[in-house]
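Trainee: give me coordinates for this.
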Amino acid sequence: MQLSQATCSILNQVESVISQINNEDYTKPVDVFNSSTIGQHFRHTLEFFQCLMDGYESGVVSYDKRNHDKSIETDKGLALAFITNVKAFITGCDMLKPLILEVNYTVEDTDDIIVDSNMGREVTYNIEHAIHHMAIIKIGLQVLCPYVELPYGFGVAISTLRYQNELEA
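Mentor: Below you'll find the model as predicted:
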């Protein structure tokens, strides 16, 4: 499987879940999320893909400089349209394209750390980041949206699914 296919598979799962959530529940504060919303968690997950798309042409990616676009966390239609755009973008990318990743791990320091990377590595990071947040989102869905049918493996690492399948064999 290619990275673009793996990305689309994860985004298809996200798309399926967002499509099933009613608008009120998408924006309703969830106690187990310290009153953040399911929409906020999806926005956070999707914005990492936005950062990657924004940095692709310039060759410089920073996940720290996200927009925190409230519209994606409050409007399911925009979130779904954004997913469609990400899938189209990812399928047309050069996974070998060199990129610079800018990161900063201190509150006081404004100097970024520069890390050499490439598109394939950053797409891999985005897949893993999405799965991690899908696991968190799953907790909120169990509390607030028990009516949502989760796709197989939603929020579970592929290596874990493979391991579980081996145990069942």
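
Trainee: ranges for the strands of this protein?
Mentor: Counting by DSSP state E, the chain has strands at residues 60-61, 98-103, 113-118.

Trainee: deepest-packed of the ones you listed, please.
Mentor: Per-stretch averages of neighbours, counted by mean count of other C-beta atoms under 10 Å, single out strand 60-61 among the strands of the chain, with a mean of 20. Where C-beta positions appear, they are placed from N, C-alpha and C, glycine not excepted.

Trainee: show residues contacting that one.
Mentor: Strand 60-61 is contacted from outside by Cys51, Leu52, Asp54, Gly55, Leu99, Ile100, Leu101, Glu102, Ser117, Glu122, using C-beta atoms under 8 Å, 6 or more residues apart in numbering.

Trainee: and these, which two are furthest apart?
Mentor: Using C-beta to C-beta, the two most remote members of the contacts of strand 60-61 are Asp54 and Ser117, lying 14.8 Å apart.

Trainee: what angle do the longest helix seen in the chain and strand 98-103 make?
Mentor: For the chain, the helix with the greatest residue count under DSSP state H is helix 119-144. Our comparison of helix 119-144 with strand 98-103, counting by axes from the mean of the first three to the mean of the last three C-alpha atoms, to 10 degrees, yields an angle of 50 degrees.

Trainee: start the count at 38, not 1, going forward
Mentor: With the count now opening at 38, the last piece we talked about shows up as helix 156-181.

Trainee: any buried residues in helix 156-181, and which?
Mentor: Neighbour-count burial for helix 156-181 flags 156-164, 166-168, 170-171, 173-175, 177-178, 181 (criterion: 16 or more other C-beta atoms under 10 Å).

Trainee: distance between it and the chain's centre?
Mentor: Centroid displacement of helix 156-181 relative to its chain, using C-alpha atoms, centre = their mean, to the nearest Å, is 5 Å.

Trainee: helices and strands around it, which ones?
Mentor: Counting by 3 or more C-beta pairs under 8 Å, 6 or more residues apart in numbering; DSSP states H and E, the packing neighbours recorded for helix 156-181 are helix 40-57, helix 75-93, strand 135-140.

Trainee: most packed of the ones you listed?
Mentor: Between the helices and strands packed on helix 156-181, the one whose residues have the most neighbours on average, counting mean count of other C-beta under 10 Å, is helix 75-93 (a mean of 21).

Trainee: I'd like the mean pLDDT over stretch 90-110, please.
Mentor: Stretch 90-110 shows a mean pLDDT of 94 in the predicted model.

Trainee: picking up where we left off before, want to throw the strands of the chain into CSV with distance to Thr74?
Mentor: Formatted as CSV, these follow (distance: least, C-beta to C-beta, whole Å):
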stretch, distance to Thr74
strand 97-98, 26
strand 135-140, 27
strand 150-155, 31
